[in-house]
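**Q** Following is a predicted model, sequence given first.
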Amino acid sequence: MDEVRASAAWVAGLSSHVIVDSAGIEKVVESIGEKIPQIEWDFEGIHYFDGGPLTVQYLLVLDALNFCFWPDEELDYDHLASGLKAALHNDKSVLDADRLQKYTGPELRELLKWPRPLPLEEERVRLLHEVGCELEKSYGGKASNLVDSCGKSAAKLVATVTSHFPGFRDHSLYKGRQVFFYKRAQIFAADLYGAFKGQSYGEFHDISSVTIFADYIVPAMLRQLGVLKYSSNLESKIGSNGEIASGSEEEVELRACSIYAVEIMRDLIHVKSGKPVLSVELDLWLWAFGVQSPSLQHHRTLSIYY
Ligand SMILES: Nc1nc2c(c(CN[C@H]3C=C[C@H](O)[C@@H]3O)cn2[C@@H]2O[C@H](COP(=O)(O)O)[C@@H](O)[C@H]2O)c(=O)[nH]1
C-alpha cells in the first residue's frame, strides 16, 4: 500500500481541480477531539457472517462487485450485500468457484433479487467469472486459502489479490505516471478485519498500512467537511450530476486527494491525541456518515473500480 500512499501524495502536490485544505483538516481534527468516532463494522446488519471460510468467500465476491451503484437511482451497496447474504442463507453453494464461473447477467440479477439489469452488468458477470476461475486454479476454489497464504499481512493480501485478479488492479495514469488506488482490494482486507474483528481471517499485523478506499462517497463527505475544495468548473459538473470521465485529471485528483487528506488527518489526530488511529476507522466513519446523508452530491464516473 506504500505505492497507494506515495502516488496519492504525488498527485495531491500537483492537483489543480481539487485542493486539500489543511485548515479544513485542522478544524475536523479539533472537532473530533480525543474521541475518534467508532462505528461498528456491520452497523446496518446487512452482511453474511458465519465465522468461517464461507464468510471469506462472501467478502471476496462482495468486493469483486462493490462498485458503481449510482446509475440506478434505487440501487445501492446494501442491496448487493443483503442480496448475497439472503442467497447464501438459501443455498450455501451459490458462491462456489464452479458456480461463480457460470453466472449470466439475468442469473446474477435473480440471485440478488434485482428486477432489472444491474449497472455494468456484463462487467460484473465477467469479474465473477474471473474470481471463480482463479480461485479454482490457484486456491482450491476457496478464498479462505488465498487469505491463509498471506501470513496475516494486509499488504501481502492486497498484492496477492491485485496480482491474481486483473479486475482488482485499480490504477490510473496522471501526467504520465501510474497512480494506484486498489480500492476493492484494500476494502477486502478491511472487510475481513471488520467482520472477524481483527481475529482469525481478519487478523493482520499491518492493518495500519491500509489507506482509505477512494470511492464516490468519501470525497463528497470530505468536501462537505471543508477538507477538500473543488475548482468552480468541477463544482458545477458535480452539482449538475455531469459525468466525470474515468482516468480524467479531475477524477484522479478527487480520489488521490481524498487518500492524501485522510493520511494527513490521521497523522494529526495521532499527534494531538497521542493515540494512533487507523485509516480504516476513519474511512468507516466518513463513509457511514456519507451514505446516511441524502443531500450529499457525489461525482459520477462509470468505473468497475469503485
Ligand atoms: N470508502 C468506502 N466506500 C465504500 C464502503 C462500502 C461498504 N463497506 C462496508 C464496510 C462496513 C460497512 O458495513 C459497509 O458494509 C461501500 N463503498 C462504496 O460506496 C459507494 C456506494 O454508495 P451507494 O451507491 O450510496 O451505495 C460505492 O462506491 C461503494 O464501492 C466503505 O466501507 N468505504
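**A** The structure has been received and is ready for your questions. Numbering: from 1, shown residues only.
**Q** which residues in the stretch 151-300 of the chain form strands?
**A** Using DSSP state E, counting those that start in this stretch, the strands of the stretch 151-300 of the chain run over 171-174, 177-180, 228-230.
**Q** Give me whichever of the ones you listed is most buried.
**A** strand 228-230 (a mean of 21; mean count of other Cβ atoms under 10 Å). From N, CA and C alone the C-beta is placed, and that goes for glycine too.
**Q** Mind listing residues that contact it?
**A** The contact list for strand 228-230 (Cβ atoms under 8 Å, 6 or more residues apart in numbering) reads 17-21, 24, 219, 222-223, 238, 254, 257-258, 261.
**Q** wait, which of the strands of the stretch 151-300 of the chain is closest to the ligand?
**A** Nearest of those to the ligand, taken as Cβ to the nearest ligand atom: strand 228-230 at 14.2 Å.
**Q** Quick one: mean pLDDT for that closest one?
**A** Summarised as a single mean, pLDDT over strand 228-230 is 98.
**Q** Next: stretch 196-214.
**A** For stretch 196-214, the mean confidence score works out to 98.
**Q** Please give me every residue in contact with Arg255.
**A** Counted by Cβ under 8 Å, 6+ apart, Arg255 has contacts Ala8, Ser172, Phe181, Ala214, Pro219, Tyr306.
**Q** that older thread, can I get the strands of the stretch 151-300 of the chain in a markdown table with distance to the ligand?
**A** A markdown table is the format used below for the strands of the stretch 151-300 of the chain (distance: least, Cβ to the nearest ligand atom, whole Å):
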| stretch | distance to the ligand |
| --- | --- |
| strand 171-174 | 16 |
| strand 177-180 | 16 |
| strand 228-230 | 14 |
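**Q** Distance to Arg266 added to those, as JSON lines?
**A** Converted to JSON lines, the strands of the stretch 151-300 of the chain look like this (distance: least, Cβ to Cβ, whole Å):
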{"stretch": "strand 171-174", "distance to Arg266": "23"}
{"stretch": "strand 177-180", "distance to Arg266": "18"}
{"stretch": "strand 228-230", "distance to Arg266": "16"}
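**Q** Let me know which of those is the nearest to Ala155.
**A** strand 177-180 (12.5 Å; Cβ to Cβ).
**Q** what pairs with that closest one, and is each one parallel or antiparallel?
**A** Strand 177-180 pairs in its sheet with strand 171-174 (antiparallel), by DSSP bridges.
**Q** what sits up against the strand it pairs with?
**A** 7, 11, 14, 178-182, 246-247, 249, 251-253, 255-256.
**Q** which of the contacts of Arg255 lies closest to Ala288?
**A** The closest of those, once distances to Ala288 are taken by Cβ to Cβ, is Pro219, at 15.3 Å.
**Q** Around the closest one, count how many other residues there are.
**A** Look at Pro219: counted by other Cβ atoms under 10 Å, it has 29 neighbours.
**Q** Now for the contacts of strand 228-230, which sits with the most neighbours around it?
**A** Ser258 (32 neighbours).
**Q** mind checking how far the closest residue to that residue other than its chain neighbours is from the ligand?
**A** Leaving aside its chain neighbours, Ser258 sits nearest to Pro219 (4.5 Å; criterion: Cβ to Cβ, 6 or more residues apart in numbering). Counting by Cβ to the nearest ligand atom, to the nearest Å, the gap from Pro219 to the ligand is 9 Å.
**Q** Contacts only, for Pro219.
**A** Val18, Leu228, Leu254, Arg255, Cys257, Ser258, His298, His299.
**Q** any chance you could map the helices in the protein?
**A** Here the chain has its helices, by DSSP state H, at 2-14, 22-32, 53-64, 77-90, 97-100, 105-112, 121-139, 143-148, 154-164, 183-195, 217-224, 232-239, 249-273, 279-291.
**Q** Up against the ligand, what does the stretch 51-200 of the chain have?
**A** Residues of the stretch 51-200 of the chain lying near the ligand by Cβ under 6 Å from any ligand atom: Asn66, Phe67, Phe69, Trp70, Asp76, Tyr77, Ala81, Ile187, Asp191, Gly194.
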